[in-house]
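Trainee: Dropping a prediction and its sequence here:
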Amino acid sequence: MKLSDFRYPLPRNLIAKHPAKPRESCRMMVLNRRDESIEDRKFSEIVKFFKRGDCLVVNETKVFPARLLGRKEKTNAKIEVFLLRELNKEEKIWDVIVDPARKVRIGNKIFFDKGKIWCEVIDNTTSRGRTVRFNYEGDIFKIIDRIGKMPLPYYIKREPTERDKKAYQTVFAKVVGAVAAPTAGLHFSNRVLTALKKKGVKVVPVVLHIGLGSFRPVEVEDLTKHKMDSEYYEIPESTVKVVNQVIDRKGKVVVCGTSTCRALESSSTIDGHLKANRGWTDKFIFPPYEFKITDALVTNFHMPESTLLMLVSAFAGRDYIMMAYKKAIKRGYRFYSYGDAMLLT
């Protein structure tokens, strides 16, 4: 497979700028891989596609307001510091992206919150990347929650609001660490989760902290030469127990989102079971690929030439997915993070 195999034209008016309200009221395209049929449904109907004894695996990562707006010392120039990940908690060292990067050099200090908090640049990592050491008192994530802005994807093309702090977060988000939401999970409401549990479906978590690599363009035509950014993940023993029981009983493991899928497939065994794990994964799934854990996949409509589109194409077949995308465009589905859902059965 080549990068150009995953191009498609998308009208800009189909890029969703706001989520559906309520969240389960969005549309859902259902693809049945057995007969390659396509159905138009509402996401609230997803419960009908589960049976007692199935399980739903979700990503419990929680997005933090990673965009900090500050001012450079002496010049007072406006600088945005986008927090990527905490490198050393004790030393208060973070990996960040700065904008405009040309104004930020090693030794510069950037002040936030009327000078109460500041960071010093201690290293360059990429053209826009920097390593910084913060100076603050208290819990850094409580500070970030107060002064930061939610890191909406660049293609939404609007400033985040207070509403986004809740809207750009799944109802099962618990573990802080992501700078992008596991967007397939945004469609689930507490009402839908309750209905699934009443039906006898077990809902179990993993964690994969999504980084900006989800939006980093693939720059090579030969996909075997693309390198994914590493992301931290955890699969607890309790989840492993449930998933493996479902597999052994011939139930269905329904996976919510490409991030959850990558975590599970990063920790599968040779005999097609799951094992507990924690660490970093740079697993890149593209056609052809044999999925070992995932029986069905809940996902969104993804960007052209994205690794996310490649993963769903590996799961359902590239031609089938591209045909479905053409139909979705024709039928006015909403695309990307705040867009509509797709269920691959």
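Mentor: Structure received.
Trainee: what sits up against stretch 152-171?
Mentor: For stretch 152-171, the surrounding residues in contact (CB atoms under 8 Å, 6 or more residues apart in numbering) are 15-19, 23, 58-60, 62-63, 65, 67, 149-151, 180-182, 185-186, 188-190, 193, 215, 303, 336-338. Glycine gets a C-beta too; all of them are placed from N, C-alpha and C.
Trainee: for the stretch 151-300 of the chain, what spans make up the strands?
Mentor: 175-178, 202-208, 231-235, 253-256, 277-281, 296-300 (DSSP state E, counting those that start in this stretch).
Trainee: Parallel or antiparallel, list what pairs with the longest one.
Mentor: Applying DSSP bridges to the sheet, strand 202-208 is found paired with strand 55-59 (parallel), strand 231-235 (antiparallel).
Trainee: biggest strand in the protein, by residue count?
Mentor: Using DSSP state E, we find that the single longest strand of the chain is strand 78-88.
Trainee: could you give the angle of the following helix or strand past it to strand 78-88?
Mentor: Downstream of strand 78-88, the first helix or strand assigned by DSSP states H and E is strand 93-99. Put simply, strand 93-99 runs at 160 degrees to strand 78-88, going by axes from the mean of the first three to the mean of the last three CA atoms, to 10 degrees.
Trainee: And stretch 236-254, what's buried?
Mentor: In terms of neighbour count (16 or more other CB atoms under 10 Å), stretch 236-254 has its buried residues at T239, V240, V242, V243, N244, V246, I247, G251, K252, V253, V254.
Trainee: same check, this time on stretch 101-115
Mentor: Result for stretch 101-115 [16+ other CB under 10 Å]: buried residues V104, N108, K109, I110, F111, F112.
Trainee: so who does the most centrally placed residue in the chain touch?
Mentor: By CA atoms, centre = their mean, the mean C-alpha position of the chain lies nearest to P182, the distance being 3.2 Å. By CB under 8 Å, 6+ apart, the contact set of P182 is V58, N59, T61, T170, L208, I210, C256, G257, S259, T260.
Trainee: what helix or strand is the residue with the largest distance to the centre of the chain on?
Mentor: Distance from the C-alpha centroid of the chain peaks at K74, with 37.8 Å (CA atoms, centre = their mean). Counting by DSSP H and E, K74 is held by no secondary-structure element, helix or strand.
Trainee: Quick check: buried residues in the longest strand of the chain?
Mentor: I79, V81, F82, L83, L84, R85, E86.
Trainee: Can you lay out these as a markdown table showing pLDDT?
Mentor: Shown next, in a markdown table, are those (pLDDT from 0 to 100):
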| residue | pLDDT |
| --- | --- |
| I79 | 96 |
| V81 | 96 |
| F82 | 96 |
| L83 | 96 |
| L84 | 93 |
| R85 | 91 |
| E86 | 92 |
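Trainee: So D40 sits against A324, correct?
Mentor: No - assessed by CB atoms under 8 Å, D40 is found out of contact with A324, at 11.0 Å.
Trainee: can you pull out the helices in the stretch 101-250 of the chain?
Mentor: Listed in chain order, the helices of the stretch 101-250 of the chain (DSSP state H, counting those that start in this stretch) span 140-147, 164-167, 190-198, 237-248.
Trainee: got those helices as TSV, with distance to L343 and mean pLDDT columns?
Mentor: TSV is the format used below for the helices of the stretch 101-250 of the chain (distance: least, CB to CB, whole Å; pLDDT from 0 to 100):
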stretch	distance to L343	mean pLDDT
helix 140-147	33	93
helix 164-167	21	94
helix 190-198	13	98
helix 237-248	18	98
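Trainee: Out of the strands of the stretch 151-300 of the chain, indicate the one that is most buried.
Mentor: Highest mean neighbour count among the strands of the stretch 151-300 of the chain (mean count of other CB atoms under 10 Å): strand 253-256, with a mean of 26.
Trainee: centre of the chain versus stretch 91-105, how much separation?
Mentor: 23 Å (CA atoms, centre = their mean, to the nearest Å).
Trainee: To clarify, my last question referred to stretch 15-24.
Mentor: Centre-to-centre, stretch 15-24 and its host chain are 16 Å apart (CA atoms, centre = their mean).
Trainee: ok, residues contacting it?
Mentor: With CB under 8 Å, 6+ apart, stretch 15-24 has contacts from 26, 42-44, 155-158, 167-168, 186-189, 191-192, 334-340.
Trainee: how long is it end to end?
Mentor: Counting by CA to CA, to the nearest Å, you get 18 Å between the two ends of stretch 15-24.
Trainee: for stretch 101-113, same thing?
Mentor: Stretch 101-113: ends 21 Å apart by CA to CA.
Trainee: how much distance is there from that stretch to the middle of the chain?
Mentor: Per CA atoms, centre = their mean, the centroid offset for stretch 101-113 relative to its chain is 29 Å.
Trainee: what does stretch 241-261 give?
Mentor: On CA atoms, centre = their mean, the centre of stretch 241-261 falls 19 Å from that of its chain.
Trainee: Same check on stretch 219-235?
Mentor: 14 Å.
Trainee: Can you tell me what sits against it?
Mentor: Outside stretch 219-235, the residues that reach it (CB under 8 Å, 6+ apart) are 1-4, 85, 175, 177, 206-213, 216, 218, 259, 262-264, 266-267, 274-284, 286, 307, 310.
Trainee: Name only those of these that count as buried.
Mentor: 3, 85, 175, 177, 206-213, 218, 259, 262-264, 266-267, 274, 277, 281, 283-284, 286, 307, 310.
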